[in-house]
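Asks: below are the sequence and a predicted model; questions follow.
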Amino acid sequence: MAKAKKLTKGQARQIKANQSKKLRKSTEKVQWQDDELAAAETGTVISRFGQHADVESSDGEIFRCNLRRSITSLVCGDKVLWRKGKETQHSISGVIEAVHERDSVLSRPDVYDGVKHIAANISQILIVSSVLPAFNADIIDRYLVAAEQTGITPVILLNKVDLLDDSNREAIENQLNIYRKIGYQVTYMSNETGEGIAELKLQLSQHTSVFVGQSGVGKSTLTNTLMPELGVVTKIVSENSGLGQHTTTVARLYHFEQGGDLIDSPGIREFGLWHLSPEQVSNGFIEFDEYLGTCKFRDCKHQNDPGCALIAARDEGKIFPERLASFQKILASLGDNTLTSRFND
Ligand SMILES: Nc1nc2c(ncn2[C@@H]2O[C@H](COP(=O)(O)OP(=O)(O)OP(=O)(O)O)[C@@H](O)[C@H]2O)c(=O)[nH]1
Ligand SMILES: [Zn+2]
């Protein structure tokens, strides 16, 4: 397990730099008055809408808040210092004063800002795969790369195991065993039979999680299985906010009954299909770490290049051929944007 959690030095540095930048920004600009400081409470942003955000107080009440102008970045999952307003105006009942340092942040490329943050303080990314649509290790690898880049622990779920049969079982199990050997946790489950659901509930408690994975693997069904009351909650928030449909497109944090939180939005579900750089792809294959940088040529493309350390490692049985093939395929696909272009516009 330890291996799956490991950050490359570059990733750790980047995360640290981003975090201290963020903290500096949020503390520098806030001029605290003593009475304001005394009245400030800690809360969690459960949803962000334009200039407003819904903050959940420590006792579980939800307050719609304005943001201090000094706050430059605020997303679902952020821990904040906030104050109740003196009176409620236009359903606004508080002010967010400052944002706590983030443990992690999910981001996506953005044409205007370079990078757009979408959710903070996630501690676990669950990559959902399934038997139908057909199990696809290349897509899992893309999600793993994206997850490793954030420093958040990825876990692999195989959903719809009720559809495993003699025609597909062996191939899928072999592939998933590769991930286990690399150090990833893999859970088999089914919304249909309930297999693995109890195990999954345990896995979700103590964490703020997101479900990612290609369309049709069963993310919505799974969310409903775990949170049958979710439909009701979404409806209440939509009605109160007056923002109607928009509320379902922004990220929102939900609590699991048995403990643990889920942050969900269509944007988050597509995480991992966004553009990746060759460096991110290399760092995302964690078991390649010790071989990277040791190829004969510095600009080795790891395809058919002479003296490629990755190819040598594969030939010596030190890395799985399936993973190297997948790595090569992802690298080769970075030029053609068929998978990423619709998320980059
Ligand atoms: N046999 C079987 N079918 C399932 C299971 N879980 C979900 N499904 C079915 O798979 C289909 C797709 O499920 P969704 O939950 O909509 O998938 P999704 O990942 O949310 O898809 P998007 O919303 O497009 O991202 C639905 O018809 C579900 O009923 C399962 O465990 N077994
Ligand atoms: Zn190489």
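Replies: Everything's here; your move. Ligands and ions are numbered 1, 2, ... in the order given.

Asks: how many residues are close by residue 82?
Replies: Number of residues near residue 82 (other Cβ atoms under 10 Å) recorded here: 26. For glycine as for every other residue, the C-beta is placed from the backbone atoms N, C-alpha and C.

Asks: check what pLDDT residue 127 gets.
Replies: As predicted, residue 127 sits at a pLDDT of 97.

Asks: contact partners for it?
Replies: Residues in contact with residue 127 (Cβ atoms under 8 Å, 6 or more residues apart in numbering) are 140, 143-144, 147, 154-157, 212-213, 272.

Asks: element containing it?
Replies: Taking DSSP states H and E as the criterion, residue 127 maps to strand 124-130.

Asks: I'd like the next helix or strand past that strand.
Replies: Remark: after strand 124-130, the chain's next helix or strand is helix 137-150, criterion DSSP H and E.

Asks: just checking, residue 161 touches residue 190?
Replies: Yes - contact criterion Cβ atoms under 8 Å: residue 161 and residue 190 qualify, at 4.8 Å.

Asks: show me whatever sits in contact with both of these two.
Replies: Listed as contacting both residue 161 and residue 190 by Cβ under 8 Å, 6+ apart are residue 196.

Asks: list the residues that contact the most centrally placed residue in the chain.
Replies: Residue closest to the mean C-alpha point of the chain, counted by Cα atoms, centre = their mean, is residue 125 at 4.9 Å. Residue 125 makes contact with 143, 147, 150, 152-155, 209-210, 212, 271 under the criterion Cβ under 8 Å, 6+ apart.

Asks: got the residue ranges for the strands in the stretch 201-345 of the chain?
Replies: Taking DSSP state E, counting those that start in this stretch as the criterion, the stretch 201-345 of the chain contains strands spanning 208-212, 252-255, 261-264.

Asks: now the contacts of residue 125 in CSV, with distance to ligand 1?
Replies: Below are those laid out as CSV (distance: Cβ to the nearest ligand atom, whole Å):
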residue, distance to ligand 1
143, 13
147, 17
150, 20
152, 20
153, 21
154, 17
155, 16
209, 15
210, 13
212, 9
271, 12
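
Asks: need the worst-confidence member of the residues you listed.
Replies: Among the contacts of residue 125, residue 271 carries the lowest pLDDT, at 82.

Asks: quick check, nearest of the contacts of residue 127 to ligand 2?
Replies: Within the contacts of residue 127, the smallest distance to ligand 2 is 19.7 Å, found for residue 144 (Cβ to the ion).

Asks: can I assume the closest one is in contact with residue 183?
Replies: No - assessed by Cβ under 8 Å, residue 144 is found out of contact with residue 183, at 11.1 Å.

Asks: ok, which stretches of the stretch 201-345 of the chain are helices?
Replies: Along the stretch 201-345 of the chain, counting by DSSP state H, counting those that start in this stretch, helices occupy 219-226, 230-241, 266-269, 278-284, 309-315, 321-333.

Asks: closest to residue 65 out of those?
Replies: Distance to residue 65, taken as Cβ to Cβ, is lowest for helix 230-241 among the helices of the stretch 201-345 of the chain, at 12.6 Å.

Asks: would you map out the domains in this structure?
Replies: According to automatic domain parsing, the chain comprises the domains 2-99, 119-269, 278-343.

Asks: please identify the most buried of the ones you listed.
Replies: The highest average neighbour count among these, using mean count of other Cβ atoms under 10 Å, belongs to domain 119-269 at a mean of 18.

Asks: next one: that domain to chain centre, how far?
Replies: 10 Å (Cα atoms, centre = their mean, to the nearest Å).

Asks: give the next helix or strand downstream of the longest strand seen in the chain.
Replies: For the chain, the longest strand by residue count, based on DSSP state E, is strand 79-89. Moving toward the C-terminus from strand 79-89, the next helix or strand (DSSP H and E) is strand 92-99.

Asks: then that following strand to CSV, C-alphas only?
Replies: What follows is strand 92-99, C-alpha atoms only, in CSV (Å, rounded to 0.1, in the frame of the first residue of the first chain):
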residue,chain,number,x,y,z
ILE,A,92,-27.6,35.4,2.7
SER,A,93,-26.8,34.6,6.3
GLY,A,94,-23.0,34.8,6.7
VAL,A,95,-19.6,35.9,5.5
ILE,A,96,-16.6,33.8,4.7
GLU,A,97,-13.5,35.6,6.1
ALA,A,98,-10.6,33.3,5.2
VAL,A,99,-9.8,29.9,3.7
